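Student: Have a look; sequence and predicted model below, questions after that.
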Amino acid sequence: MNSVISKITALLLCSSLAYGANITLPENELPSETVIPKTDTKMVVLNRTVQKAKRASIGVAAGVLMDEIFYNAQVLTIDARYNFDEGGAWGFRWDQWMGNATSYSDTFANHSAKMNFSAAPPRKSGAFVLRSWDSYYGKVSMGKEVITPMSFSWLALVGAQNWETTWLPAVQAGAQLKLYFTKKTSVDLGYLFSLYQKMDPSSVRVRDNATPSADSFEKKLNFGQTVQLGITQVF
């Protein structure tokens, strides 16, 4: 009889613990989660943290042209955009190129041919009209308590580049990833594919003792790929 009463008492005690007890786990033992960015449309993301519609933004970036042989391919850019809605913007971008000859060009200057490519007109700057389209806006977890908004944009640019003595046409297309560490500030990673006319330094035998005029260099169609890292502020 006592055995039966003990079993009933234990059963009632377990039932009361199951329905009435509050179980608390240490926070450091709880699993952390990763939020996968939503890639459907920009409207599916509720409680949007970053608001860009009807606002201007200014971005600066440093980049490198990966296909240039004769000149240093570092470029500094600044762009100003107006975001007419959350999904697109129009803007203007200015490029400033570091146009000195590369070490590869110096090997020709030390050769018996004495080819001095620094005598050719280098690319100095560029001016472009810019159009961007946001493909998606999402959020990614950078830690247990840090949720970072992000956006992915397509870019198209039409403009011209200054080759010291003349401006030549150029078009660019690419993509840009933005990670927002505040509601108005983002770190940007960009890629651009360019199609442009350039002054061909190899079209004339540029020698130290006989530097040709800028008009004697041929113009040719060229393509290039640029990667950039920058920062943007929304106002």
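Tutor: Sure thing, it's come through.
Student: in stretch 58-77, what counts as buried?
Tutor: 59, 61, 63, 65, 68, 70-73, 75-77 (16 or more other C-beta atoms under 10 Å). No exception for glycine: its C-beta is placed from N, CA and C like everyone else's.
Student: That should have said stretch 185-202, apologies.
Tutor: For stretch 185-202, the neighbour count (16+ other C-beta under 10 Å) marks 186, 188, 190, 192, 194, 196-199, 201 as buried.
Student: In strands, which of those residues fall?
Tutor: Mapping those onto strands (DSSP state E) picks out 186, 188, 190, 192, 194, 196-199.
Student: Of the buried residues of stretch 58-77, which pair is most distant in space?
Tutor: Gly59 and Phe70 (28.8 Å; C-beta to C-beta).
Student: still on that earlier bit, reformat the ones in strands among the buried residues of stretch 185-202 as JSON lines; add pLDDT and distance to Gly91.
Tutor: Shown next, in JSON lines, are those (pLDDT from 0 to 100; distance: C-beta to C-beta, whole Å):
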{"residue": "Ser186", "pLDDT": "92", "distance to Gly91": "15"}
{"residue": "Asp188", "pLDDT": "95", "distance to Gly91": "13"}
{"residue": "Gly190", "pLDDT": "95", "distance to Gly91": "13"}
{"residue": "Leu192", "pLDDT": "96", "distance to Gly91": "14"}
{"residue": "Ser194", "pLDDT": "94", "distance to Gly91": "17"}
{"residue": "Tyr196", "pLDDT": "93", "distance to Gly91": "19"}
{"residue": "Gln197", "pLDDT": "91", "distance to Gly91": "23"}
{"residue": "Lys198", "pLDDT": "85", "distance to Gly91": "24"}
{"residue": "Met199", "pLDDT": "81", "distance to Gly91": "27"}
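Student: Where does pLDDT dip in this structure?
Tutor: For the chain, the stretches with pLDDT under 70 are 1-48, 99-119, 142-146, 203, 205-214.
Student: residue ranges of the strands in it, please?
Tutor: Secondary structure of the chain (DSSP E): strands at 55-65, 74-85, 88-97, 125-141, 147-162, 167-180, 185-199, 219-234.
Student: which one of those lies closest to Thr49?
Tutor: Of those, nearest to Thr49 by C-beta to C-beta is strand 147-162, at 4.7 Å.
Student: List the buried residues of the closest one.
Tutor: By 16+ other C-beta under 10 Å, the buried positions in strand 147-162 come out as 148-153, 155, 157, 159-162.
Student: cool, stretch 120-133 as well?
Tutor: Neighbour counts over stretch 120-133 (16+ other C-beta under 10 Å) mark 120-126, 128, 130, 132 as buried.
Student: And the residues you listed, which is closest to Phe84?
Tutor: Ser132 (10.7 Å).
Student: I'd like to know how far the residue nearest to Gln96 when sequence neighbours are not counted sits from Gly159.
Tutor: Nearest residue to Gln96, sequence neighbours excluded (C-beta to C-beta, 6 or more residues apart in numbering): Leu76, at 4.7 Å. Leu76 sits 16 Å away from Gly159, going by C-beta to C-beta, to the nearest Å.
Student: What is the nearest of the buried residues of stretch 120-133 to Ala53?
Tutor: The shortest approach to Ala53 among those belongs to Ser132, at 13.5 Å (C-beta to C-beta).
Student: Bridge partners for that closest one, pull those for me.
Tutor: In this entry, Ser132 is beta-bridged to Ala89, Leu155, by DSSP bridges.
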